[in-house]
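>>> Everything below, folded, please.
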Amino acid sequence: MQQPTIAEIRELILLSEASIDYQIQFWLTVTFATIVASFAARNLLAPKLRALITSLYLTATFVFASRWYRSCVSPCKFSSAYWTPG
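Numbers count the residues shown, from 1 in each chain. I've put the predicted structure just below:
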């Protein structure tokens, strides 16, 4: 199997960074929407519905964190394994 070139590794890292930026923007949007919805409808929501919203938000946060970890760590390990400065 042919080893990737430095240009290919850099391209993979840039694609990963772009993906992370998109995921952060999405997570911030979800966070803002959750805070606004919880504040605006605080008295209108039943306790079970508030618990559901909280659990959905925490699930989205967990998914975001796991994607970020997978996107960040994998390219870093990949590039350090195949790329040596010099």
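
>>> going forward, measure contacts and count neighbours with C-alpha atoms only.
Fine.

>>> what's the helix or strand for R42?
R42 belongs to no helix or strand when assigned by DSSP states H and E.

>>> Can we start the residue count at 131 from this point?
Yes, from this point I'll number from 131; that puts the last item at R172.

>>> Next one: it from I183, what distance?
12 Å (C-alpha to C-alpha, to the nearest Å).

>>> Tell me where the chain has helices.
For the chain, the helices defined by DSSP state H cover 136-170, 177-212.

>>> Lowest average pLDDT across those?
For the helices of the chain, mean pLDDT drops lowest on helix 177-212, to a mean of 74.

>>> list the residues that contact both of R172 and I183?
By C-alpha atoms under 8 Å, 6 or more residues apart in numbering, R172 and I183 have no common neighbours.

>>> what about these two, which has more around it?
Taking other C-alpha atoms under 10 Å, R172 and I183 do not tie; I183 has more neighbours (16 against 12).

>>> Please give me every residue in contact with the more buried one.
By C-alpha under 8 Å, 6+ apart, the neighbours of I183 are T164.

>>> ok, now how distant is it from L158?
16 Å.

>>> Is there a neighbour count for I139? I'd like the number.
Neighbours of I139 (other C-alpha under 10 Å): 19.

>>> er, S168 actually
S168, neighbours per other C-alpha under 10 Å, totals 16.

>>> Leaving out the residues flanking it, which one is nearest to it?
R180 (7.7 Å; C-alpha to C-alpha, 6 or more residues apart in numbering).
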